[in-house]
Each structure stands twice: as structure tokens, then as C-alpha cells.
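S.K.: no sequence on this one, just coordinates:
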């Protein structure tokens with residue numbers, strides 16, 4: 001048994017109270033839990049809301065957690081009449097938050113979901129209090145075989161046209177171990193995460209699409225990282241076997257100079273399961289920094305001298 005904002009659940013019992021919202025003709029499933037400062041949770045490729053539910057993060061008091069199934073995952077739609085890169089998903093989610101009346105949340109993104117979080121902060125920084133980014137592929141670093149970051153099950157771009165649903169089901173237990181390694185797959189995750197839902201053909205199609213666009217997504221976003229103006233907390237496992245922590249998280253921290261970076265020792269790709277308390281500390285820090293930044297902007301606006309109208313007097317200027 002576990003709980004989400006005090007609501008008991010188990011793999012066999014009643015699920016949490018999910019909701020749906022339609023934005024731009026796209027139906028999204030979300031879970032709205034708790035009260036306090038808003039925090040938006042965005043899962044990785046191939047995953048869904050239950051990943052965060054089973055991590056225990058959403059049990060923490062003092063926050064209003066809003067977790068979304070990104071387009072094509074879980075029970076969210078992924079219309080075929082448009083592309084679904086990070087920017088498109090960011091605009092959709094910003095629209096959903098506006099409809100829900102959620103203002104300036106801290107946005108937590110895991111793996112592929114963090115690319116969407118970054119796009120949200122770049123698209124509309126005034127609407128994001130801060131970012132907490134977990135285990136992210138930030139840069140277009142080519143590899144012979146690229147694991148799908150955050151995917152359940154773990155798939156490979158080179159095999160995406162040949163591995164059918166039945167084979168993927170056979171792969172699932174081993175691939176889950178590889179995604180969590182060197183940590184064990186948590187028992188809570190095994191109970192609460194609906195693996196059959198993650199193995200549906202529609203979700204596998206979304207997995208393949210996001211795997212195929214990963215390099216281009218990172219290539220498009222990485223030149224813009226220097227424009228980020230929101231508080232940024234970066235976390236990654238020292239033993240991540242899906243995304244190289246030095247090539248991505250450590251590099252981003254070095255290049256920005258305004259972020260914080262926490263390397264979680266002995267942890268792999270799933271840092272929110274291995275170190276939920278540390279993720280919650282990063283959320284709190286990002287939120288406090290965001291409040292401070294907003295207060296500084298208001299103070300600066302309040303002390304800014306009033307605009308003056310200048311009159312031309314001969315060849316000189318005088319304030320009116």
C-alpha cells in the first residue's frame with residue numbers, strides 16, 4: 001500500500017483520482033495532489049504519471065503536485081496532425097496550466113520530460129518559478145546505440161523497427177533492471193506502475209518517435225541554454241547507464257555557471273526513486289529562489305524612476 005496526498009492506493013486497489021483536460025484539441029490525463037506551492041512533474045520517454053506516484057515524491061506535504069501524462073503516454077492523446085517535439089509539448093502544457101489556474105510552478109522534468117521543462121522555461125520564463133532537471137540528455141552527443149532515456153521498457157533506436165510488442169514484453173523485466181541499475185527496481189514501483197499500459201502499441205509508437213527525435217531535440221535546444229533566466233537545479237546519478245552524467249549534466253552546469261548540480265552517488269538514471277528526499281530539497285530550493293527572483297523584479301520595478309518626457313529646447317534636452 002502507498003498514498004498520494006493521503007489517498008491510499010495499491011496495484012490491486014482503487015487508483016488515485018486522475019483527471020482529464022483538453023487543450024488545443026488534445027486530451028491530457030493529469031493527477032492533482034496536495035496543497036501549497038505548485039510543482040509540475042513531467043516523466044521521461046515511455047513512462048507516465050505512475051512513475052512519480054510510485055517514487056513517493058508526491059506524498060510530501062507543502063506542495064501541490066500536478067503530474068501529467070505527456071502526449072501519447074499513459075492515457076493522454078498524441079494527435080497525428082502535428083509534430084510533438086519539446087517546444088510543441090511545452091506550449092500545450094503551458095496552455096493546460098493556464099486553464100487550470102496554476103501560476104509559476106516549479107517544473108520537474110525527468111530525462112526526456114526535462115527537455116519539455118527546458119522548452120517551457122525558454123518559451124515563457126515568467127510562467128515558471130524554477131526547474132529541477134533529473135538525468136537529462138542535454139547535448140546532441142552521437143552514440144552508436146542510444147538508449148531511450150527514461151523509457152519503460154528500455155529500447156534502442158537501432159532496433160525500433162524490428163522489435164515487436166511481444167519481444168518488448170519479454171524484454172521488460174531485464175530492461176527495467178537496466179534503467180534502475182545499479183539500484184534495484186523498487187517494490188513500490190513494481191506494485192504501482194502499470195507495465196501493461198506502458199507496453200501498448202500506441203505508447204510504443206510515441207516511444208519510437210521521441211527516440212528518433214532525441215538528437216534533433218537536443219541540437220535545437222542546446223544553443224539556447226544560455227538564455228535560461230529561471231532558477232535551475234540539476235541532478236543526475238553518478239552511475240547513470242542511460243545518459244552519461246559527465247557529458248550532459250556536469251557539462252550544462254559548467255557552461256551555465258548559474259545553476260546548482262548535485263551528483264547522486266551510487267545512483268543510476270532513476271534518481272527520483274533512489275533519492276526522493278534530495279529531489280524534494282531541490283524542488284524547495286528552486287521554489288525559494290523563484291520567489292526571491294520575483295520579489296527582486298517587483299522591487300526593481302517599484303524603485304525604477306518614472307519615465308520622463310524630454311523637450312527639445314534649442315539644441316539641448318530638458319526633462320518635462
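M.R.: The structure has been received and is ready for your questions. Quick caveat: nothing in here was measured; it's all calculated off a predicted structure.
S.K.: list the contacts of the strand of greatest length in the chain.
M.R.: What stands out as the longest strand in the chain, according to DSSP state E, is strand 26-34. Here strand 26-34 makes contact (Cβ atoms under 8 Å, 6 or more residues apart in numbering) with 4-5, 7, 16-22, 49, 53, 58, 60-69, 71, 74-79, 92-93, 96, 100. Where you see a C-beta, it was placed from the backbone N, CA and C, and this is true even at glycine.
S.K.: sec struct for the most centrally placed residue in the chain, please.
M.R.: Closest to where the C-alpha atoms of the chain average out (Cα atoms, centre = their mean) is residue 109, at 1.7 Å. At residue 109 the chain is in strand, as set by DSSP: H, G, I helix; E, B strand; the rest coil.
S.K.: and for residue 103, the neighbour number?
M.R.: 11 (other Cβ atoms under 10 Å).
S.K.: again with residue 222
M.R.: Using other Cβ under 10 Å, residue 222 is surrounded by 18 other residues.
S.K.: could you do residue 83 as well?
M.R.: By other Cβ under 10 Å, the residues close to residue 83 number 9.
S.K.: name the helix or strand for it, please.
M.R.: Per DSSP states H and E: residue 83 is located in neither a helix nor a strand.
S.K.: next one: phi and psi at it?
M.R.: The phi/psi pair for residue 83 (degrees, to the nearest 10) reads phi -80, psi 160.
S.K.: what do you get for residue 263?
M.R.: Torsion angles at residue 263 (phi, psi; degrees, to the nearest 10) stand at phi -90, psi 110.
S.K.: just residue 69 next, same as before
M.R.: phi -80, psi 120.
S.K.: next up, the contacts around it.
M.R.: With contacts defined as Cβ under 8 Å, 6+ apart, residue 69 is in contact with 28-30, 43, 48-49, 75-76.
S.K.: rewinding a little: from the chain's centre, how far out does the longest strand of the chain sit?
M.R.: The chain centre lies 14 Å from the centre of strand 26-34; the measure is Cα atoms, centre = their mean, to the nearest Å.
S.K.: mean confidence score for the helix or strand just after that strand?
M.R.: Downstream of strand 26-34, the first helix or strand assigned by DSSP H and E is strand 37-42. Strand 37-42 carries an average pLDDT of 98.
S.K.: what residues does strand 37-42 touch?
M.R.: By Cβ under 8 Å, 6+ apart, strand 37-42 touches 49, 52, 57-58, 62-68, 70, 93, 97, 102-110, 113-114, 116-117, 129, 283, 287.
S.K.: point out where the stretch 201-320 of the chain drops to low pLDDT.
M.R.: 290-320 (pLDDT under 70).
S.K.: all helices in it, in order from the N-terminus.
M.R.: Using DSSP state H, counting those that start in this stretch, the helices of the stretch 201-320 of the chain run over 201-221, 251-256, 271-274, 276-303.
S.K.: residue 181: which of the ones you listed is closest?
M.R.: helix 271-274 (10.7 Å; Cβ to Cβ).
S.K.: residues contacting stretch 113-125, please?
M.R.: Under the criterion Cβ under 8 Å, 6+ apart, residues 40, 42-45, 47, 70, 86-87, 89-91, 93-94, 107-109, 127-128, 131, 133-137, 150, 217-218, 221, 224-225, 227-230 lie in contact with stretch 113-125.
S.K.: same thing but at 6 Å, please
M.R.: The contact list for stretch 113-125 (Cβ atoms under 6 Å, 6 or more residues apart in numbering) reads 42-44, 86-87, 89-90, 94, 107, 109, 128, 131, 133, 136, 217, 221, 224, 228-230.
S.K.: again, but for stretch 94-103
M.R.: Outside stretch 94-103, the residues within contact range by Cβ under 6 Å, 6+ apart are 21, 23, 28, 38, 120, 124.
S.K.: now with 7 Å?
M.R.: 21, 23-24, 28, 38, 40, 66, 105, 120, 123-124, 127 (Cβ atoms under 7 Å, 6 or more residues apart in numbering).
S.K.: let me see the mean pLDDT of that stretch.
M.R.: Stretch 94-103 comes out with an average pLDDT of 98.
S.K.: quick check: next helix or strand after the helix or strand harbouring residue 172?
M.R.: Taking DSSP H and E as the definition, residue 172 sits inside helix 165-180. Later in the chain than helix 165-180, the nearest helix or strand by DSSP H and E is helix 187-192.
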